[in-house]
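[1] got a predicted structure plus its sequence, pasted below:
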Amino acid sequence: MKILSIDHLGIAVGSIAEGAHVWTDLLGLTSAGTETVAEQKVTTAFFPVGESEVELLESTAPDGPIAKYLEKRGEGIHHVAFRVADLNAALEELKAMGVRLIDERPRKGAGGTRIAFLHPQATRGVLVELCERDD
Ligand code: ZN
């Protein structure tokens, strides 16, 4: 598998409206807008940093994965996303190595990306997302 860069860091927040303050006022980043991904029950806000981004994640439903994460662990870093050249090939490679995956097949992420998560039990507690972009 060829990892190209850290695409983004996913950070779980109770509220984007309140959480954005840290990234804009304290750290001087600028929001590139928000997007709701209905099937993930999440609204995301992106703050570009060079080639990468900070992605804030706010739950849109009490039974969504981010709501459950906040209940268990509170606000903070949720996942690290690596950009790969070929997501299908990367998943096949990981499956062949017996790596436990949350997503066996790519699904739709924010910003027109294709994404897949590895299971954190396979990565010593770090939730890893692989992400492929068209551009
Ligand atoms: Zn992500």
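    Perfect, thanks for sending it.
[2] give the contact list for residue 49.
    residue 29 (Cβ atoms under 8 Å, 6 or more residues apart in numbering). Any C-beta I mention is one placed from the backbone N, CA and C, and that applies to glycine too.
[3] kindly report the same for residue 132.
    Going by Cβ under 8 Å, 6+ apart, the list of residues near residue 132 reads 83, 84, 85, 86, 87, 106, 113, 114, 115.
[4] which single one of the residues you listed is nearest to residue 75?
    Closest approach between the contacts of residue 132 and residue 75, by Cβ to Cβ: residue 115, at 21.6 Å.
[5] can you tell me if the least confident helix or strand in the chain by mean pLDDT touches the ion.
    The least trusted helix or strand in the chain, going by mean pLDDT, DSSP states H and E, turns out to be strand 107-108, with a mean of 91. No - applying Cβ under 5 Å from the ion, one finds strand 107-108 separated from the ion by no less than 11.4 Å.
[6] name the surrounding residues that touch that strand.
    Counting contacts by Cβ under 8 Å, 6+ apart, the residues outside strand 107-108 that touch it are 37, 39, 114, 115, 116.
[7] and the least confident of those residues?
    Within those, the minimum per-residue pLDDT falls on residue 39 (86).
[8] before we move on, what SS does that residue have?
    Under DSSP: H, G, I helix; E, B strand; the rest coil, the three-state class of residue 39 is helix.
[9] tell me the buried residues in the helix or strand hosting residue 46?
    Element membership for residue 46 (DSSP states H and E) is strand 42-49. Buried positions in strand 42-49, judged by neighbour count with 16 or more other Cβ atoms under 10 Å: 42, 43, 44, 45, 46, 47.
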